[in-house]
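# could you work out the structure for the sequence below:
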Amino acid sequence: FNIDKNDLMFNNKVLFALLIPIVIEQLLNSFMGMVDTMMVSNLGSQAISGVSLVDSVNNLIVQLFSAMATGAAIICSHYIGMKDKKGANKAARQVVLTVAVIAIVITIIGLLFRRPILSFIFGKVEQDVMDTALSYPFLALFSAGSAIFRSCGNSRYPMVVSIISNLINVTGNAILMFGLNMGVAGAAISTLVSRIFCMVVIFIALSKPKLEIVVS
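Numbering: from 1, shown residues only. Predicted coordinates:
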């Protein structure tokens with residue numbers, strides 16, 4: 001059977017405009033750890049080994065939060081499709097709360113048991129690298145906020161925030177690691193600050209009443 005293009009909700013141009021920023025954003029989420037590894041490589045083999053090993057765990061956590069965010073986008077999009085703004089706002093708040101609780105639990109486990117867990121998996125690991133678990137709640141909330149934006153048909157804004165966040169991370173690495181000679185700790189602090197920035201900016205934007213979904 002034939003499908004009239006006018007009956008389609010999204011044409012190819014609109015789909016590409018929606019999908020390309022999503023792809024770029026996901027790449028940038030993983031790129032942050034890659035940049036840390038590249039810049040830490042100047043500190044010696046022990047530092048780069050520690051960062052590379054723990055970054056593999058971080059990538060797993062990133063994928064977990066991305067999957068949760070995808071589910072959030074589906075739920076919110078469902079309500080938006082039904083023109084139920086109140087339901088969409090309620091679902092968004094529930095998603096944010098659920099993601100926050102799960103992320104905090106993972107962070108607490110990571111902080112309390114990071115040494116035995118990482119030592120069991122990898123052996124000896126840099127102590128400063130272990131503290132990157134502090135950034136998990138901010139990463140999770142940013143992923144949830146990005147999903148809510150995407151469910152409203154706006155995938156460009158989260159991408160722009162990710163780009164700025166990566167620039168902050170690179171600049172922070174340069175200043176803390178090499179300018180202030182903080183080494184691996186500088187990379188961990190820079191990553192934490194950049195992810196806090198992401199979360200704060202995305203939720204400030206979501207608090208604006210002009211959006212289809214408002215999370216205040």
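
# can we go C-alpha only for contacts and neighbour counts from here?
Fine.

# where does this structure have its least confident helix or strand?
Using mean pLDDT, DSSP states H and E, helix 127-130 stands out as the lowest-scoring helix or strand of the chain, at a mean of 53.

# identify the residue nearest the geometric centre of this protein.
Centroid check for the chain by C-alpha atoms, centre = their mean gives Leu139 as the closest residue, at 4.0 Å.

# ok, that residue touching Met199?
Yes. Between Leu139 and Met199 there is a contact under C-alpha atoms under 8 Å: 7.0 Å.

# low-scoring pLDDT stretches of this protein, where are they?
Counting by pLDDT under 70, the chain shows low-confidence ranges at 1-18, 29-33, 36-37, 40-55, 117-133.

# now do the strands in it.
For the chain, applying DSSP state E gives no strands.

# and the closest residue in space to Ser135 that isn't next to it in sequence, how far from Met82?
With sequence-adjacent residues excluded and distances taken as C-alpha to C-alpha, 6 or more residues apart in numbering, Ser135 is closest to Leu192, at 5.0 Å. Using C-alpha to C-alpha, to the nearest Å, Leu192 is found at 38 Å from Met82.

# looking at the two, which is more packed in?
Leu192 (20 against 10; other C-alpha atoms under 10 Å).

# surely the more buried one meets Ser165?
No. Assessed by C-alpha under 8 Å, Leu192 is found out of contact with Ser165, at 10.4 Å.

# ranges for the helices of this protein?
12-40, 45-81, 85-122, 127-130, 136-151, 156-173, 184-206 (DSSP state H).

# let me have those helices in JSON lines, extended by distance to Val215.
Below are the helices of the chain laid out as JSON lines (distance: least, C-alpha to C-alpha, whole Å):
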{"stretch": "helix 12-40", "distance to Val215": "21"}
{"stretch": "helix 45-81", "distance to Val215": "12"}
{"stretch": "helix 85-122", "distance to Val215": "6"}
{"stretch": "helix 127-130", "distance to Val215": "32"}
{"stretch": "helix 136-151", "distance to Val215": "9"}
{"stretch": "helix 156-173", "distance to Val215": "15"}
{"stretch": "helix 184-206", "distance to Val215": "5"}
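
# return the most buried member of those.
helix 136-151 (a mean of 27; mean count of other C-alpha atoms under 10 Å).

# so which elements touch that helix?
Contacts defined by 3 or more C-alpha pairs under 8 Å, 6 or more residues apart in numbering; DSSP states H and E place helix 136-151 against helix 45-81, helix 85-122, helix 156-173, helix 184-206.

# quick one: the ones you listed as CSV, columns for distance to Glu25 too.
Formatted as CSV, the helices and strands packed on helix 136-151 follow (distance: least, C-alpha to C-alpha, whole Å):
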stretch, distance to Glu25
helix 45-81, 11
helix 85-122, 19
helix 156-173, 5
helix 184-206, 12
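
# which one of those lies nearest to Ala147?
helix 45-81 (4.9 Å; C-alpha to C-alpha).

# Met39: which of the helices and strands packed on helix 136-151 is closest?
helix 156-173 (7.4 Å).

# relative to helix 184-206, how tilted is that closest one?
Orientation check (axes from the mean of the first three to the mean of the last three C-alpha atoms, to 10 degrees): helix 156-173 against helix 184-206 gives 160 degrees.
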